[in-house]
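Student: fold the following, please.
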Amino acid sequence: MKQTYTVTGMTCNGCRTSVEAALNQIPDVIKASVSLEDSQAVIEMSKYISNKSLQNALSDKYKILEKSIFQNSESPTINDKNEIQQLFPLFLIFGYIITASFLINYKAWNTSNFMLDFMGLFYIVFSFFKLLDLKGFPDSFRMYDPLAKVLPWYAWVYPFIEAVLGLMFLMRIEVSIGLVLTLIILGITTVGVVKSLLNKKTIPCACLGTALKLPMTKATFIENSIMIVMAIIMLIKVTG
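Tutor: Below you'll find the model as predicted:
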């Protein structure tokens, strides 16, 4: 018999390998195949194995739940609440970036400078979290970024690109080039985010690297959209 399970907590291929190996060691498991992209495990077993037994075989980092149960046992209200709780670090960081950008500019207010400082701090902070686990970030990023899927090396240099763009905006160095690059790289990433959301895939968001476990949600799309809109407005002002 085969059962399909949802597995959460996996952020890289190493996680997938670890989960798959642990499941295959369970007595009565004939074969377990784990997909990182779909966050699921398909287990062929000689007889039914309880969800508790499967969970006990895994590290506390991972949660496994039979897919039918996962889909039907929770109400939308609970799911929405969990999603908000999971995204709290992202909202908190956004709040700090907005506050810092405001404090830098409030004495001599200039909307353009506020947006450039916001974009600069955004890139610096987000690149910092990606660099905390540079080894694990590329695997997560390649799950949804179209360019990273084609060019694996791009995922490795992406955090450094963000850091450089952040410095360009904060120091007002070649701002026009920075804005064009922002539109290109975030535009590509946003295409992948939208595709993942439309396919309703449960995958981790690599926006804050793998140090913080965040799900791919509409908040990720909104986050990218804010930066893209700011880049368009600033590019019009700079070139207009």
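Student: return the helix or strand in the chain with minimum mean pLDDT.
Tutor: Lowest by mean pLDDT, DSSP states H and E among the helices and strands of the chain is helix 67-72, with a mean of 48.
Student: got the buried residues for stretch 25-43?
Tutor: 26, 29, 32, 34, 36, 38-41, 43 (16 or more other Cβ atoms under 10 Å). Backbone N, C-alpha and C define where each C-beta goes, glycine included.
Student: for Asp133, state which of the residues you listed is nearest.
Tutor: Nearest to Asp133 among these is Leu36, at 15.6 Å by Cβ to Cβ.
Student: which strands and helices sit next to the strand or helix carrying Tyr154?
Tutor: Using DSSP states H and E, Tyr154 maps to helix 152-170. The contact analysis (3 or more Cβ pairs under 8 Å, 6 or more residues apart in numbering; DSSP states H and E) places helix 152-170 against helix 111-131, helix 137-141, helix 146-150, helix 175-198.
Student: and those: which comes nearest Phe94?
Tutor: So among the helices and strands packed on helix 152-170, helix 111-131 is nearest, using Cβ to Cβ, at 8.4 Å.
Student: what about that closest one, average pLDDT?
Tutor: The average pLDDT within helix 111-131 is 94.
Student: name the residues of that helix that are buried.
Tutor: Buried residues in helix 111-131 (16+ other Cβ under 10 Å): 114-130.
Student: SS state for Gly14?
Tutor: With DSSP: H, G, I helix; E, B strand; the rest coil as the basis, Gly14 sits in helix.
Student: now for it, how many residues are close by?
Tutor: Neighbourhood size, Gly14 [other Cβ atoms under 10 Å]: 13.
Student: contact partners for it?
Tutor: Gly14 makes contacts with 136, 139, as judged by Cβ atoms under 8 Å, 6 or more residues apart in numbering.
Student: the residue nearest the centre of the chain and Leu198, how far apart?
Tutor: With distances taken as Cα atoms, centre = their mean, the residue of the chain nearest its centroid is Cys205 (1.3 Å). Distance of Cys205 to Leu198, computed by Cβ to Cβ, to the nearest Å: 15 Å.
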